[in-house]
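Trainee: Build me a model:
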Amino acid sequence: MTKTMHIAAMVVGLLAAGASAAGAQTLNPTMDGGPFISLAVGGQPQTRSFTNAGTFPSFGETGQFQVNQNIGRAFVADVSGGYLFGKHLGVGVGVWLARSKSAVAASVAIPDPLFFGRFTNVSLDDEDQKASTIGVNLMLIWTQPISNKLDATISLGPTFTRTSVDVASVNVAANSQTATLSFESQSATSAKGGNLGLDLDYRMNEQYSVGVFGRYAGTEVNLPAVEKLKVGGFQVGGIVRYRF
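Mentor: Predicted coordinates for the structure are as follows:
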């Protein structure tokens, strides 16, 4: 919550400065309102990690395994649209997809077939699993011209997500010392997320503008094997907007 308040304070300051700069300038008539659509691509720099552990019977004893899984930085694509009721206030909805790779490292302690209490340690790894999140942002929008060509837009609202992760586990054949990784695609939905973002757009002409965006859009989900996994997060990239 503290980080969100800091971001909001910074954005309000930028918009206030923009309002002062724009006061003496003639605004573009296309800023009188209407529908718009935006396309954006970028990245999500955060990484996530979690641990999954378990036991298994073998040779009359109990073996153990632990799986450490890392979800890497994500590629983000976004399409959104909305309507400005005037020069400033509007509403919008956006759909975004964040995709990343997941790397796995597992350690397995397998009971020895001949000596009780002796274990063979096996290491397993995989770097080619997937994780993805689809998010839907509902947004209240405030747009402020900074100059005759440059606009700043702040947006905030709730976020709904659907996350899918290839979660790793370890299989050990009965009464053997053979261990392999197995993967299950686990999914979860959350309606408890939120989004807060800032766009800076340069108007190329009356319809098109290009710019950059930065936003937070994320939440936590509970997968069958992982509780309170953070998904989404800070996202940044480039944006193209068309005003009808």
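
Trainee: Most remote residue from the middle of the chain, which is it?
Mentor: residue 114 (49.2 Å; Cα atoms, centre = their mean).

Trainee: so which strand or helix has the residue nearest the centre of the chain?
Mentor: By Cα atoms, centre = their mean, the chain has its centre lying nearest to residue 232, at 2.2 Å. Residue 232 is part of strand 229-243 when elements are defined by DSSP states H and E.

Trainee: quick one: average confidence on that strand?
Mentor: Mean per-residue pLDDT for strand 229-243: 96.

Trainee: tell me which residues in that strand are buried?
Mentor: 229, 231-235, 237, 239, 241, 243 (16 or more other Cβ atoms under 10 Å). Just so you know, the C-beta spots here come from the backbone N, C-alpha and C atoms, and that holds for glycine as well.

Trainee: about what we covered before: now the residue nearest to the centre of the chain. Nearest residue, chain neighbours left out?
Mentor: Using Cβ to Cβ, 6 or more residues apart in numbering and skipping the chain neighbours, the partner closest in space to residue 232 is residue 218 (2.8 Å).

Trainee: ok, now residue 86?
Mentor: Setting aside the residues directly before and after it, residue 86 is nearest to residue 33 in space (Cβ to Cβ, 6+ apart), at 4.9 Å.

Trainee: Okay, now the unreliable bits of this structure?
Mentor: Scanning the chain for pLDDT under 70 picks out 1-31.

Trainee: Off-centre distance for the strand ranked longest in the chain?
Mentor: When the chain is scanned for its longest strand (criterion: DSSP state E), the result is strand 119-145. Chain-centre distance of strand 119-145: 5 Å, with Cα atoms, centre = their mean, to the nearest Å.

Trainee: Figure out how far whatever helix or strand comes next after that strand is from the centre of its chain.
Mentor: The helix or strand immediately downstream of strand 119-145 is strand 150-172, counting by DSSP H and E. On the basis of Cα atoms, centre = their mean, strand 150-172 sits 4 Å off its chain's mean C-alpha point.

Trainee: Parallel or antiparallel, list what pairs with strand 150-172.
Mentor: strand 119-145 (antiparallel), strand 179-203 (antiparallel) (DSSP bridges).

Trainee: tilt between the shortest one and strand 229-243?
Mentor: In other words, strand 179-203. Calculated by axes from the mean of the first three to the mean of the last three Cα atoms, to 10 degrees, strand 179-203 forms an angle of 30 degrees with strand 229-243.

Trainee: And for the longest one?
Mentor: Relative orientation of strand 119-145 versus strand 229-243 (the same axes, to 10 degrees): 30 degrees.

Trainee: List the buried residues for strand 119-145?
Mentor: The neighbour-count check on strand 119-145 (16+ other Cβ under 10 Å) flags 119, 122, 124, 126, 129, 131-133, 135-139, 141-145 as buried.

Trainee: Skip the chain neighbours and tell me the closest residue to residue 69.
Mentor: Computed as Cβ to Cβ, 6+ apart, the closest residue to residue 69 that is not its neighbour in sequence is residue 104, at 5.2 Å.

Trainee: try residue 158
Mentor: Nearest-residue entry for residue 158: residue 138, 5.4 Å, with adjacent residues in sequence omitted and distances by Cβ to Cβ, 6+ apart.

Trainee: Who does the one you found form a beta bridge with?
Mentor: Beta-bridge pairing of residue 138, defined through DSSP bridges, involves residue 93.

Trainee: wait, what's in contact with it?
Mentor: Going by Cβ atoms under 8 Å, 6 or more residues apart in numbering, residue 138 touches 92-93, 157-159.

Trainee: end-to-end on stretch 202-216?
Mentor: 22 Å (Cα to Cα, to the nearest Å).

Trainee: For it, list every residue counted as buried.
Mentor: Buried-residue list, stretch 202-216, by 16+ other Cβ under 10 Å: 203, 209, 211, 213-216.
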